[in-house]
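Trainee: Sequence and predicted model, in that order:
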Amino acid sequence: MTPRAVRMYVALFAVSVLGTALALVQDPQRGWAGILLASYALAAVGLGGLLFVAIQYASGADWGVAFRRVPEAMTAALPFGAAGVALVMALHPSLYAWTGEGQHFTGFKALWLSTPFFFWRAAVYVALWLLFTRVIVGASRAQDRGAPAAAEQWTRTGTRWSVLFIVVFALTFWLASFDWIMSLDAHWYSTIFGIYNFAGLFSAALAVIILLLLWLRGSSELGAFVTDEHVHDLGKLLFAFCTFWMYIWFSQYMLMWYANIPEEAGYFVRRRTDGWLPLFYLNVVLNWVVPFLALLSRPAKRNARVLASVAVVVLAGRWLDLYMMIQPSVTAGPPVLRAGDVAPVVGAVTLFVLVFARAFRQAPPVPLRDPRLAASITYHS
């Protein structure tokens with residue numbers, strides 16, 4: 001990234017911070033909800049990058065080695081996203097209605113939704129994610145700095161920690177999505193909510209990897225190592241996980257619609273009335289209908305322009321999906337797009353670009369001493 005581009009992104013970030021501050025003055029509840037959305041999404045993109053790397057290690061896949069530095073650099077966003085969520089919890093805990101007066105729970109729910117325990121759990125989740133980021137990404141970087149004879153050893157180290165991370169991620173992200181998003185509506189519950197959020201996280205992470213890869217392919221040394229085969233496989237993964245998201249969305253909605261239990265159905269009633277119904281359907285269109293139809297054919301998955309367009313649609317869908325989860329739980333009335341909704345997202349995007357560019361520069365663009373690199377470059381899907 002050129003110094004001029006860096007200055008432009010810094011200026012844009014400063015403007016977004018100012019816009020967020022103004023939104024907090026005008027409507028604190030809405031403003032803090034916007035910060036929570038942007039921070040959660042930023043942390044999820046970083047976490048999704050680490051999960052992609054971990055899956056590659058754990059499955060012994062060769063094809064992703066050539067562009068592994070891209071998802072590795074994405075993990076640099078994780079601390080900033082986590083810090084934003086912590087800021088919301090520390091400065092505006094009333095966003096979670098159960099922290100105030102008049103919310104009385106009994107039994108295990110009273111224990112789970114106690115403020116100290118809530119904070120401690122959040123700290124444990126983030127500490128574990130940062131620990132695994134440091135070890136897994138650190139092993140990949142150390143492989144390039146170490147002796148060639150030790151290259152296989154670093155791959156085995158990354159594989160062992162990746163297998164462990166996938167287990168830890170499944171538990172911690174499942175609980176974090178319950179705590180940070182679902183507890184905004186403390187009387188509603190869905191046991192599938194964690195999997196639903198995982199599907200959204202990984203679809204969005206794949207969309208970000210695709211956009212970054214297509215950008216770097218034409219503007220950096222990475223272009224000499226990335227082929228249409230890599231792009232094609234990423235397109236197939238995006239197609240699959242958007243369909244998986246739809247499957248989980250339908251499973252959650254259909255079961256609650258069919259059972260029609262008031263404490264479950266109320267969540268969807270709120271999101272289908274008072275002007276929210278068009279966004280309810282648009283969520284499905286952006287997250288599944290468009291990517292499914294656009295990526296059905298093999299040539300579409302290998303076409304950079306089509307794939308980039310679909311990735312942008314999926315990211316817009318991810319924002320809308322989080323918006324639908326958060327805003328109706330904390331604000332009343334019909335949906336109204338305000339500066340407080342847009343400014344934090346612009347800030348998160350510009351911050352991500354800045355931290356990604358910095359992290360990507362800190363290592364060679366390709367893991368040159370990974371023994372699987374040759375197989376990755378000559379890979380055919």
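Mentor: Arrived safely.
Trainee: what's in contact with stretch 220-231?
Mentor: Contact partners of stretch 220-231, identified using C-beta atoms under 8 Å, 6 or more residues apart in numbering, comprise 63-64, 66-67, 69-70, 210, 213-214, 216-217, 301-302, 304, 307, 365-366, 373, 376-377, 379-381. Every C-beta, even on glycine, is put in place using the N, C-alpha and C of the backbone.
Trainee: Can you mark which positions in it are buried?
Mentor: By 16 or more other C-beta atoms under 10 Å, the buried positions in stretch 220-231 come out as 222, 225-227, 229-231.
Trainee: Considering those residues, which is situated nearest to residue 353?
Mentor: Residue 353 has its nearest neighbour among the buried residues of stretch 220-231 in residue 222, at 16.4 Å by C-beta to C-beta.
Trainee: and the next element down the chain from the worst-scoring helix or strand of the chain on mean pLDDT?
Mentor: Across the helices and strands of the chain, mean confidence by mean pLDDT, DSSP states H and E is lowest for helix 107-112: a mean of 86. Once the chain leaves helix 107-112, the next helix or strand it forms, by DSSP states H and E, is helix 115-145.
Trainee: Quick check: next helix or strand after that next one?
Mentor: Where DSSP H and E defines the elements, the next helix or strand beyond helix 115-145 is helix 151-180.
Trainee: Any idea how far that next one is from the middle of the chain?
Mentor: Distance of helix 151-180 from the chain centroid (C-alpha atoms, centre = their mean, to the nearest Å) equals 15 Å.
Trainee: Which helix or strand lies directly C-terminal to that helix?
Mentor: The element immediately downstream of helix 151-180 (helix or strand, assigned by DSSP H and E) is helix 193-217.
Trainee: so how far is that following helix off the chain centroid?
Mentor: Here helix 193-217 is found 7 Å from its chain centre; the criterion is C-alpha atoms, centre = their mean.
Trainee: what's the angle from the helix or strand just after it to helix 193-217?
Mentor: Remark: after helix 193-217, the chain's next helix or strand is helix 228-259, criterion DSSP H and E. Inter-element angle recorded for helix 228-259 and helix 193-217: 160 degrees (by axes from the mean of the first three to the mean of the last three C-alpha atoms, to 10 degrees).
Trainee: mind listing what's buried in helix 228-259?
Mentor: Burial within helix 228-259, assessed by neighbour count using 16+ other C-beta under 10 Å, is assigned to 229-235, 237-239, 241-246, 248-249, 252-253, 256.
Trainee: What about the contacts of stretch 220-231, which are in helices?
Mentor: By the criterion of DSSP state H, membership of the contacts of stretch 220-231 in helices covers 69-70, 210, 213-214, 216-217, 301-302, 304, 307, 373, 376-377.
Trainee: Among these, name the buried ones.
Mentor: 69-70, 210, 213-214, 216-217, 301-302, 307, 373, 376-377.
Trainee: Mind picking the two most distant members of the buried residues of stretch 220-231?
Mentor: Using C-beta to C-beta, the pair of the buried residues of stretch 220-231 lying farthest apart is 222 and 229, separated by 14.6 Å.
Trainee: Can you check the pLDDT for the residue located most distally from the centre of the chain?
Mentor: If you look at how far each residue of the chain sits from its centre, by C-alpha atoms, centre = their mean, the farthest one is residue 149, at 36.0 Å. Residue 149 is assigned a predicted lDDT (pLDDT) of 79.
Trainee: how far is the strand or helix carrying residue 90 from where the chain is centred?
Mentor: Applying DSSP H and E as the criterion places residue 90 in helix 78-91. Centre-to-centre, helix 78-91 and its host chain are 15 Å apart (C-alpha atoms, centre = their mean).
Trainee: nearest residue to residue 19 other than its sequence neighbours?
Mentor: Nearest residue to residue 19, sequence neighbours excluded (C-beta to C-beta, 6 or more residues apart in numbering): residue 343, at 3.3 Å.
Trainee: ok, the one you found touching residue 37?
Mentor: No. Assessed by C-beta atoms under 8 Å, residue 343 is found out of contact with residue 37, at 11.3 Å.
Trainee: for this structure, what are the low-confidence residue spans?
Mentor: Within the chain, the stretches with pLDDT under 70 are 101-103.
Trainee: what do you get if the cut-off is 50, keeping everything else the same?
Mentor: For the chain, applying pLDDT under 50 flags no range at all.
Trainee: Pull the least confident helix or strand of the chain out as CSV, backbone CA atoms only.
Mentor: What follows is helix 107-112, C-alpha atoms only, in CSV (Å, rounded to 0.1, in the frame of the first residue of the first chain):
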residue,chain,number,x,y,z
GLY,A,107,-31.2,-21.1,38.4
PHE,A,108,-28.4,-21.6,35.9
LYS,A,109,-29.5,-18.6,33.8
ALA,A,110,-29.0,-16.3,36.8
LEU,A,111,-25.5,-17.7,37.2
TRP,A,112,-24.7,-17.4,33.5
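Trainee: rewinding a little: the residue farthest from the centre of the chain and residue 143, how far apart?
Mentor: 12 Å (C-beta to C-beta, to the nearest Å).
Trainee: Ok, residue 339 next?
Mentor: To residue 143, residue 339 is 45 Å away according to C-beta to C-beta.
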